[in-house]
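Participant: okay, predicted coordinates and the sequence, questions at the end:
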2 protein chains.
Amino acid sequence: MAAVDYPKPIRDLIVHLKQLPGIGPRSAERIAVWMMQQGRATTDPLSEIVSRAGSEIVECSVCGFFSTVESGCAICEEPQRDDTVLCIVENPTDILPLERSGAFRGQYHSLRGRISPLDGIGPEDLRIGELLSRLQAGGFVEVILALGSDVEGEATANYLAEILQAREGLSVSRLAQGLPAGGGLESADELTLMRALQGRTGLR
Amino acid sequence: MAAVDYPKPIRDLIVHLKQLPGIGPRSAERIAVWMMQQGRATTDPLSEIVSRAGSEIVECSVCGFFSTVESGCAICEEPQRDDTVLCIVENPTDILPLERSGAFRGQYHSLRGRISPLDGIGPEDLRIGELLSRLQAGGFVEVILALGSDVEGEATANYLAEILQAREGLSVSRLAQGLPAGGGLESADELTLMRALQGRTGLR
């Protein structure tokens, strides 16, 4: 005699919840039964919010950030931003962390991915054409490559650096690599220490 | 100048996701932006599944487990169960863990809560009337109180023990308390050790 399981609607719900990032089988079950104990007062609004976010959010055609309008998102349209500096990121999800650092108030450009031959993603799959059009339109004097420090991030940065350095009057930089804030040397791996040494900054 | 935030549909989604058990602000944000990157192919089915589970799942009127029909859930209706033993639990969510232990194949009865004066929950708020009706209908010779070992669980067990012990021909027991499986003595608290000593079982 097989052990009894939840009714099918709950099993289906668990299957879907498990697909969410960071949600394992046990969390998915816990969340599903919690929802069932809360009842429709919780599931109906959640269902509607998920559906609405999925249908209303589009990619800003300029910077690639999440937006409710196709052209001109909250960031692109914000006045008082520095329109001469462009920060290039892999994904729209990278934008708010940079924004929250408080260290950048220029414009952003999400590539919607990074070069990854193993996944079959080449430069033509990224928003590089859009990037070149923006630069062509003029006004930017600096480009910051805020890409990941893993292999794909490096490859993408190298590719872009090569294209962009040919443009006159445009300075290209990338994010510093080194010790993360609050981290001791004992918790840093060798590559991080090598980069931190290479990128050491002089003190007076 | 305030930092830019996500568009409202995403902020709403994050607010709702944060209410789920075990989901903190960072997880909620991560899940929300992941959904937005997946798009409607993910949000539409999830929304529907949540809504369907919320509307289709009801409480079985007999045992209190999750069911798609009001009377006679998968457990109550399962043939070959031992209809003479009744296991009383606090919540429907307690049933499957017991079922999966493989050590019980009788019937269940969820109280839909436990006595908790601080939360204003008294015996009249629980499914105790339904329990007495089931016992009255006859057939059960043993009742197992599978309630929590915290203060509210103890109070509920004591209350039920008093009511049930008056019934003739009904044996009442409760779950053993002691060391959890795989736990060393050094990780057990004093109360657990006291209970484990009190409940020690003889060896030959």
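Facilitator: Thanks, I have it.
Participant: from here on, just use CA atoms for contacts and neighbour counts.
Facilitator: Noted.
Participant: burial measure for the closest residue to A:Arg127 other than its chain neighbours, as a count.
Facilitator: Of all residues not flanking A:Arg127 in the chain, A:Leu111 sits nearest, at 4.7 Å (C-alpha to C-alpha, 6 or more residues apart in numbering or on different chains). When neighbours are defined as other C-alpha atoms under 10 Å in any protein chain shown, A:Leu111 has 25 of them.
Participant: check what pLDDT A:Leu111 gets.
Facilitator: Turning to A:Leu111, the model gives it a pLDDT of 96.
Participant: look up how far chain B lies from it.
Facilitator: For A:Leu111, the distance to chain B (C-alpha to the nearest C-alpha, to the nearest Å) stands at 13 Å.
Participant: same check on A:Glu186?
Facilitator: 27 Å.
Participant: now chain A against chain B: closest residue?
Facilitator: A:Ser47 (4.2 Å; C-alpha to the nearest C-alpha).
Participant: report the secondary structure state of that residue.
Facilitator: helix (DSSP: H, G, I helix; E, B strand; the rest coil).
Participant: can you give me the strands in chain A?
Facilitator: Counting by DSSP state E, the segments of chain A that form strands are A:58-59, A:66-67, A:82-89, A:106-110, A:142-146, A:171-174.
Participant: mean neighbour count added to those strands, as TSV?
Facilitator: Converted to TSV, the strands of chain A look like this (neighbours: other C-alpha atoms under 10 Å in any protein chain shown):
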stretch	mean neighbour count
strand A:58-59	20
strand A:66-67	24
strand A:82-89	20
strand A:106-110	25
strand A:142-146	21
strand A:171-174	16
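Participant: wait, which of these is closest to B:Glu152?
Facilitator: Closest to B:Glu152 of the strands of chain A, according to C-alpha to C-alpha: strand A:66-67, at 47.0 Å.
Participant: and the contacts of that closest one?
Facilitator: A:57-60, A:73-74, A:92, B:6-7, B:36 (C-alpha atoms under 8 Å, 6 or more residues apart in numbering or on different chains).
Participant: where does the prediction get shaky in chain A?
Facilitator: By pLDDT under 70, the weakly predicted segments of chain A are A:1-3, A:204.
Participant: quick one, domains of chain A?
Facilitator: A:8-42, A:79-174 (automatic domain parsing).
Participant: wait, A:His16 sits on B:Glu48?
Facilitator: No. If you go by C-alpha atoms under 8 Å, A:His16 and B:Glu48 don't touch, sitting 10.6 Å apart.
Participant: which residues touch A:Thr192?
Facilitator: Counting by C-alpha under 8 Å, 6+ apart, A:Thr192 has contacts A:177-179.
Participant: can we see that at 10 Å?
Facilitator: A:149, A:177-180, A:185, A:198 (C-alpha atoms under 10 Å, 6 or more residues apart in numbering or on different chains).
Participant: could you dump those residues to a markdown table with neighbour count?
Facilitator: Below are the contacts of A:Thr192 laid out as a markdown table (neighbours: other C-alpha under 10 Å):
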| residue | neighbour count |
| --- | --- |
| A:Ser149 | 14 |
| A:Gln177 | 18 |
| A:Gly178 | 17 |
| A:Leu179 | 17 |
| A:Pro180 | 12 |
| A:Leu185 | 12 |
| A:Gln198 | 11 |
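Participant: closest one of these to A:Ala161?
Facilitator: Nearest to A:Ala161 among the contacts of A:Thr192, with distances taken as C-alpha to C-alpha, is A:Ser149, at 14.6 Å.
Participant: would you confirm that the closest one contacts A:Leu175?
Facilitator: Yes. Counting by C-alpha atoms under 10 Å, A:Leu175 is a contact partner of A:Ser149 at 9.0 Å.
Participant: what about the residue lying closest to A:Leu46 once chain neighbours are set aside, neighbour count?
Facilitator: Leaving out its chain neighbours, the residue that sits closest to A:Leu46 by C-alpha to C-alpha, 6+ apart is B:His16, at 6.4 Å. By other C-alpha under 10 Å, the residues close to B:His16 number 18.
Participant: got the contact list for A:Arg26?
Facilitator: Going by C-alpha under 10 Å, 6+ apart, the list of residues near A:Arg26 reads A:14, A:18, A:32.
Participant: give me the spatial nearest neighbour of the last one, chain neighbours excluded.
Facilitator: Taking C-alpha to C-alpha, 6+ apart as the measure, A:Ala32 lies nearest to A:Ile14, with 6.0 Å between them; neighbours along the chain are not counted.
Participant: ok, that neighbour touching A:Trp34?
Facilitator: No. The criterion here is C-alpha under 10 Å, and A:Ile14 misses it with A:Trp34 at 11.3 Å.
Participant: what touches both of these two?
Facilitator: Joint contacts of A:Ile14 and A:Trp34 (C-alpha under 10 Å, 6+ apart) are A:Ala28.
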